[in-house]
Structures are given as structure tokens and as C-alpha cells.
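> sequence? don't have it. structure:
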């Protein structure tokens, strides 16, 4: 299967890290400013440099990778070197290093290494033609090695990015299948719980209506039976809703530990879990699940801290990680949890300094009627 280019990432420290390597453009720039230049050379140099920055941004910042962009970027740097070497001199060797870096960002490792070797050979040509001396090998040799290393390292980075993207896609598909299965289960449960019961209620209500005038005592008995059946149905619905809410915060915490361990993230639970009202526990479990999912997918964290403590008659759940942080746009999961907490009088706060911190404040509530549980 052909590897697909990685999707355009959200901007954070790691996606902007390629800017660090642009510092090597100082070599051709300083070489250019070393002499007085005519206007034509100024236009040529800065035009080629602007084109290079555009290609570099497309590959490393906007992730328009794959074989076509990698080859185009590699060829551009080769042309830039050939055109500017007579003008600037050895400083433009940086373009050959960038070419090795760019060609590595695609799926074929053999292509990356062979073209990086080609760049190394081009780098050595001025030495054989007499443009370089033996003293120049002191900086030329490390540049050759760095060109090969950059090609292989960026190829490995590309493969890992593609693998992470595919893993995330598989996870989304699994979640969709699980959601579909859950909807089917709920539909079956509702049919089993309410189908027969509502039919009995309708029949007994019709019977009570017919008996109301000629046999009031029996009609009253049928109405009482309808009331009894209705209460039983209500209790069954309540039990079903509790089941849909999940198996509780303790079970969700155990699942979180499994997921975080699999992702190589250390979990720290800083407080013992207090007894919670039904609605609070259901909301806390769902928030914990969403927070852990986001940490595993996006945070690049090494450690997570979870605490739940009574505060002002209610409870406060805090989930903090030491990942990349930031305040990127919230997904539907966190938006839904914010609305759910607002519906019961709670709040959700998110901070992005030094990682991500989610703080959920739950109000002081007791177990609520089923209608309120469903709305929340």
C-alpha cells in the first residue's frame, strides 16, 4: 500500500521545530553580503531564497509531502546551488543539505539515500575542480555526513507520522463501530423494556375506559394496575439509563490506566476517590474518558495527574498532563462535556500552559430523576 502524505498538523512547538534548521541559511546570506553586488545578483539571490522558503514551508509546515513534493523540493535546492555557487561560493552548500533533508520526507528510503548521496557527490565537485582546498574539508566533511543523516532521519520521521495517522484513523473507525453497536443495543433494550409494557398499558387503559360506567370498581382496579405497571416500567428505564451512563468512575479510571500505559504515559492519582452522586459520577467518568483520549492522541505527554476532591459542597475533577499544551480549538467531545456540565450547573476550565489542565467543577447535587439524567 502506498503511504499517504500526513495530514496538515495543528501548529505547536514540534510542528514549528523545522524553523530551527533555517538558521543554516545564515551561511549563504553572510556569503552574499561579503561583497558588493550588482542589482541583478540581488534579485537573483533573494528570488531563489524566497522560492526555497516557499518549498520548505509546503513540505515541513503544511505537510504537503510525498514523492512529488519531495522530488520538486530536492530538484529546486540542486538548481539553487548550481545557480548561486558562482555568485556566493561555498556558503550555498547549505542548499544541498536542505535537499537531502527534503528528499527524506517521503516513503521510499532507497530514493532518499541515493539522492542524498548524489548531493554529497555534488558537494565534493568543487574540491576536485580546485575551488576548495584541503583546509575546506574541515567543514565540507561534516556537511556531507549531515546531508545523509538528515535524509534518513526525515524519512524515519515521515514514516512515523504516516503510521500515527493510520493508527488514529483505525481508532476512529473502531470508535464508530462501537458507537453503532451501542446504538443498536440501546434500541433493542428500549424495545424489550417498553414494547410489551406499553402494549399492556394501552390494553388495560382501553379496558378501564369501557368499564368506567358499568363497573367502576373494576375500572378503578384496572387503573391501579396501569399505575403499577407504569411504575415498574419507570424503574426499568432508570436502571437502563444507569447502565448507559457507564460502570462508574473507578472502572473508567482503570480503563484510563490501561490506555495510558499502552501509550507510555505514567498515571498519578493524587486523591482517593470519594463517593459521588449518580449524576456526578457519570459526568466525571465521561469527562475522564474524553480527557484521556485527547492525551493519548494529541498531547505527546509523559505523565498525567488526576485528582478528585470535595470542594464547597460539590466536587472538583482535575486532569493535568505535561504534554505540548496550547489552546487549539476544542473538539466535539470537550464541547459536549462543557454543555453537559453547564446543564447540571457545573463548569469546565481548560488551560494550556506547561501542558494541558482540565478542571471540572461539579455542583452539590443528589441523585436526580431520570428525566434530568437524560437531559444532562
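Looks like it arrived, so ask away. Worth saying up front: this structure is predicted, and the values here are computed from it rather than measured.
> if I've got this straight, residue 309 is in a helix?
No - membership of residue 309 in a helix is not supported by DSSP: H, G, I helix; E, B strand; the rest coil, which gives strand.
> okay, it and residue 89: tell me how far apart.
Look at residue 309 and residue 89: by Cβ to Cβ, to the nearest Å, they are 66 Å apart. Where you see a C-beta, it was placed from the backbone N, CA and C, and this is true even at glycine.
> likewise residue 204?
Counting by Cβ to Cβ, the gap between residue 204 and residue 89 amounts to 99 Å.
> same check on residue 318?
Computed as Cβ to Cβ, the residue 318 to residue 89 distance reads 58 Å.
> got it, and residue 54?
As for residue 54, its distance to residue 89 is 24 Å (criterion: Cβ to Cβ).
> circling back to that earlier point, of residue 309 and residue 89, who's got more company?
With other Cβ atoms under 10 Å as the criterion, residue 309 and residue 89 differ in neighbour count, and residue 89 comes out ahead with 18 against 13.
> contact partners for the more buried one?
With contacts defined as Cβ atoms under 8 Å, 6 or more residues apart in numbering, the neighbours of residue 89 are residue 31.
> what does it show for phi and psi?
Dihedral angles of residue 89 (phi, psi; degrees, to the nearest 10) stand at phi 100, psi -150.
> which residue ranges of the stretch 201-350 of the chain form helices?
Ranges of helices within the stretch 201-350 of the chain are 216-245, 249-262, 278-294, 332-343, based on DSSP state H, counting those that start in this stretch.
> go on, the stretch 51-200 of the chain?
Listed in chain order, the helices of the stretch 51-200 of the chain (DSSP H, counting those that start in this stretch) span 67-88, 93-103, 109-129, 137-190, 196-211.
> how far off centre is the longest one?
If I follow you right, that is helix 137-190. For helix 137-190, the distance from its own C-alpha centre to the chain's C-alpha centre is 11 Å (Cα atoms, centre = their mean, to the nearest Å).
> now that helix against helix 93-103, angle please.
Angular relation of helix 137-190 and helix 93-103 on a 0 to 180 degree scale: 30 degrees, by axes from the mean of the first three to the mean of the last three Cα atoms, to 10 degrees.
> just the third one next, same as before
Relative orientation of helix 109-129 with respect to helix 93-103: 170 degrees, computed using the same axes, to 10 degrees.
> let me see the mean pLDDT of helix 109-129.
Mean pLDDT, computed over helix 109-129, is 84.
> what packs against that helix?
The contact analysis (3 or more Cβ pairs under 8 Å, 6 or more residues apart in numbering; DSSP states H and E) places helix 109-129 against helix 67-88, helix 93-103, helix 137-190.
> go ahead and measure how far the shortest one is from the middle of the chain.
Averaged C-alpha coordinates place helix 93-103 at 30 Å from its chain's average position (Cα atoms, centre = their mean).
> what's the average pLDDT for that helix?
pLDDT averaged over helix 93-103 gives 87.
> what lies in contact with that helix?
With Cβ under 8 Å, 6+ apart, helix 93-103 has contacts from 21, 24-25, 27-28, 52, 55-56, 59, 70-71, 73-74, 77-78, 80-81, 84, 111-112, 115-116, 119-120, 122-123, 140, 143, 146-148, 150-151, 154.
> most distant residue from the centre of this structure?
Outermost residue of the chain with respect to the C-alpha centroid, by Cα atoms, centre = their mean, is residue 214; its distance is 69.4 Å.
> phi and psi next, for that one.
With angles defined as degrees, to the nearest 10, residue 214 sits at phi -90, psi -20.
> residue 354 now?
The phi and psi values for residue 354, taken as degrees, to the nearest 10, are phi 60, psi 40.
> list the contacts for it?
322, 325.
> same question for residue 116.
Taking Cβ under 8 Å, 6+ apart as the criterion, residue 116 is in contact with 99-100, 103-104, 147-148, 150-152.
> could you check the pLDDT of residue 272?
We have a pLDDT of 69 for residue 272.
> what's across from residue 357 in the sheet?
Judged by DSSP bridges, the bridge partners of residue 357 are residue 320, residue 351.
> and it, how many neighbours does it have?
For residue 357, using other Cβ under 10 Å, the count is 17.
> surely it and residue 348 touch.
No - using Cβ atoms under 8 Å, residue 357 and residue 348 do not qualify as a contacting pair, with a distance of 11.2 Å.
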